[in-house]
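Visitor: what's the 3D shape of this:
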Amino acid sequence: MSDQNFKNHPKFVPLYHYVASTAVLALIVGSCINLFETCSMCEKGSEAGLYSASLICLMSFVLAIVWFFARAFALKAQDRAIRAEENFRYFIATGKTLDSRLRMGQIIALRFAGDDEFVALAKQAVDENLSAKQIKMAVKNWKADFNRV
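Guide: Numbers count the residues shown, from 1 in each chain. Reported below is the predicted structural model:
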C-alpha cells in the first residue's frame, strides 16, 4: 500500500459515495415526479395509482434516511473507538488523559501524528484551538490509518 499523507488520506468508496448517493437522489426525484403526475391525473377524475405512487415516494424517503443514518451511526462508532485509542495513547505517553477541551474532530486529526509529536501537537491543538485541517497539516511524521472510510 502506498504511503499515506495529508493529500491522499481521505478515502472514498465509489459504490457508496457516488453510485448509491446518486441512485438514492434519483429515486427521490423520480418518485416525487411520479407522485405529482399521478396527483394531476387525480384532478382529472382518475385516482388509479395514487396509493402506489404515494408508497413509492414514502419508501424512497425512508431509504434516504436509512442510507444517511447507516453512515452516520458507523462514523459515530468509529469516532468513539478513535477517542478511546487516542486517549489511551496519550495516557501511555503522559500518565494523564487527553484534555477535555479537545473536540472530536481534533482528536480524529491527532491520530495521524506519530508518537514523537503526538503529545506536543495535542497541547498545541488545545492552546491554539487548531482546526482538524491545521492539525493534520502540522503533522511531520504521518501515522497512516487505512481502516477509516
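Visitor: packing partners of the helix ranked longest in the chain?
Guide: In the chain, taking DSSP state H as the definition, the longest helix is helix 50-94. If contacts are counted by 3 or more CB pairs under 8 Å, 6 or more residues apart in numbering; DSSP states H and E, helix 50-94 sits against helix 21-43, helix 104-110, helix 115-128. C-beta coordinates here come from the backbone N, C-alpha and C atoms, glycine included.
Visitor: as CSV, those helices with mean neighbour count would be great.
Guide: Listed next are those as CSV, based on neighbours: other CB atoms under 10 Å:
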stretch, mean neighbour count
helix 21-43, 14
helix 104-110, 20
helix 115-128, 16
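Visitor: same list (the ones you listed) but as JSON lines, adding distance to Asn5.
Guide: Compiled in JSON lines, the helices and strands packed on helix 50-94 are given as follows (distance: least, CB to CB, whole Å):
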{"stretch": "helix 21-43", "distance to Asn5": "27"}
{"stretch": "helix 104-110", "distance to Asn5": "13"}
{"stretch": "helix 115-128", "distance to Asn5": "15"}
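Visitor: before we move on, the earlier item: quick one: the longest helix of the chain to helix 115-128, angle?
Guide: Using axes from the mean of the first three to the mean of the last three CA atoms, to 10 degrees, the direction of helix 50-94 lies 110 degrees away from that of helix 115-128.
Visitor: renumber starting at 31 from here on
Guide: Yes, from this point I'll number from 31; that puts the last item at helix 80-124.
Visitor: tell me the angle helix 80-124 makes with helix 51-73.
Guide: 150 degrees.
Visitor: the residue nearest the centre of the chain and Asn35, how far apart?
Guide: Geometric centre of the chain, nearest residue: Leu105, 5.6 Å, by CA atoms, centre = their mean. Distance of Leu105 to Asn35, computed by CB to CB, to the nearest Å: 22 Å.
Visitor: same deal with Tyr81?
Guide: 55 Å.
Visitor: check contacts around the closest residue to Tyr120 other than its chain neighbours.
Guide: Using CB to CB, 6 or more residues apart in numbering and skipping residues adjacent in sequence, the residue nearest Tyr120 is Leu128, 4.9 Å away. Taking CB atoms under 8 Å, 6 or more residues apart in numbering, we find Leu128 in contact with 116-117, 120, 137, 152.
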